[in-house]
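**Student:** structure for this input, please:
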Amino acid sequence: MTQPCLLLLSAICFTLSSGEVIGKERLAPTYKDVAYDDEDPAQCLDFYRAKSEDPVPVIVHIHGGGWHAGSKSNVPAYLLRAVEAGWVSVASVEYRFTNVATHPAQGNDCLRSVQFVRTKASEWNLDPLRIGVTGGSAGGHLSLWVALHDDVADAKSADPVERESSRVLCAVGFAGPTDWSLLEEIEHQHPGYLQLIDSKPGTPFAQIDKAKMDDVSPVFHASSDDPSILIVHGDADVIVPFAHAERLNAALGKAKVKTELYTVEGGNHGVAGAGEKGSAARATAFFKEHLLLTE
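**Tutor:** Predicted coordinates:
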């Protein structure tokens, strides 16, 4: 790998795992490293509980990092502010990286985390019907993949987690890849796209498994029963080209799904960190609209 590519990869991993902090001290999780499955140590989450007498909605946060790095400890500040305001709790999810398992392991972990959170509704004072999901970059991809995926609930399973629904009420994806077919049309500078689907970086497009590309792409999971989606993307992003946002927005519109594309003009891949005041404010308003069921 050339030195510029190494620098670029280092920069993106930093961008995807960094986050704005609140004041001088970052809000600590109420419960840390709670296992939602037992196949791998990475299958755990941190839970930030809102102080409320009544059950509150919950937002599942999925971190970025190219599907091979990052940490659930890096929760965007706008979500922690929402917890402190008392109107929503947050579950921040860790998942298996591509050095452990490739797609669909990451998405399946995130689906199960949603199911697990539902089993904790009574204990954690949550409304199991009001669950949203969000993330940036790789986490944006996984958030959108989870939101658009068919329900994996198995009513006959002996596992109480598997009996729960994996569906969410809404999702916000920050700078997330949505359509792997774009690898043929636009240069993608990050090796993670191919590593995620178990292909070596540099593999010619014609030799990439099409079935895997389709399955990993949220755009190919769009259907009329999908939840409301907010797509946040910078139009100057060279790591996840803006065309990804446009493709998904068009596919959701065609499927008659309520969708909004919030464009950060001149924004690069740093948009994935949800640090821009405009995008964070829009995400907060979107979640309030769909999770608090306000007009």
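**Student:** what helix or strand is V90 located in?
**Tutor:** strand 89-93 (DSSP states H and E).
**Student:** and that strand, how far out from the chain's middle?
**Tutor:** Computed by Cα atoms, centre = their mean, to the nearest Å, the chain-centroid distance of strand 89-93 equals 11 Å.
**Student:** buried set for it?
**Tutor:** 89-93 (16 or more other Cβ atoms under 10 Å). From N, CA and C alone the C-beta is placed, and that goes for glycine too.
**Student:** those residues into a markdown table, with extra columns for distance to Y31 and pLDDT?
**Tutor:** Formatted as a markdown table, the buried residues of strand 89-93 follow (distance: Cβ to Cβ, whole Å; pLDDT from 0 to 100):
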| residue | distance to Y31 | pLDDT |
| --- | --- | --- |
| S89 | 11 | 98 |
| V90 | 11 | 98 |
| A91 | 9 | 99 |
| S92 | 11 | 98 |
| V93 | 13 | 98 |
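**Student:** in the residues you listed, find the pair that's most separated.
**Tutor:** Greatest spatial distance among these (Cβ to Cβ): S89 and V93, at 13.4 Å.
**Student:** tell me which of the buried residues of strand 89-93 is nearest to K212?
**Tutor:** Among these, and counting by Cβ to Cβ, the member closest to K212 is V93, at 22.6 Å.
**Student:** ok, that closest one to S224 distance?
**Tutor:** Relative to S224, V93 is positioned 27 Å away (criterion: Cβ to Cβ, to the nearest Å).
**Student:** point out where the stretch 1-150 of the chain drops to low pLDDT.
**Tutor:** In the predicted model of the stretch 1-150 of the chain, residues 1-24 satisfy pLDDT under 70.
**Student:** how about the helices of it, start to end?
**Tutor:** All helices of the stretch 1-150 of the chain, identified by DSSP state H, counting those that start in this stretch, fall at 3-17, 77-85, 105-119, 121-124, 138-148.
**Student:** report all helices and strands that the third one contacts.
**Tutor:** Just to be clear, that refers to helix 105-119. strand 44-48, strand 56-62, strand 89-93, strand 126-136, helix 138-148 (3 or more Cβ pairs under 8 Å, 6 or more residues apart in numbering; DSSP states H and E).
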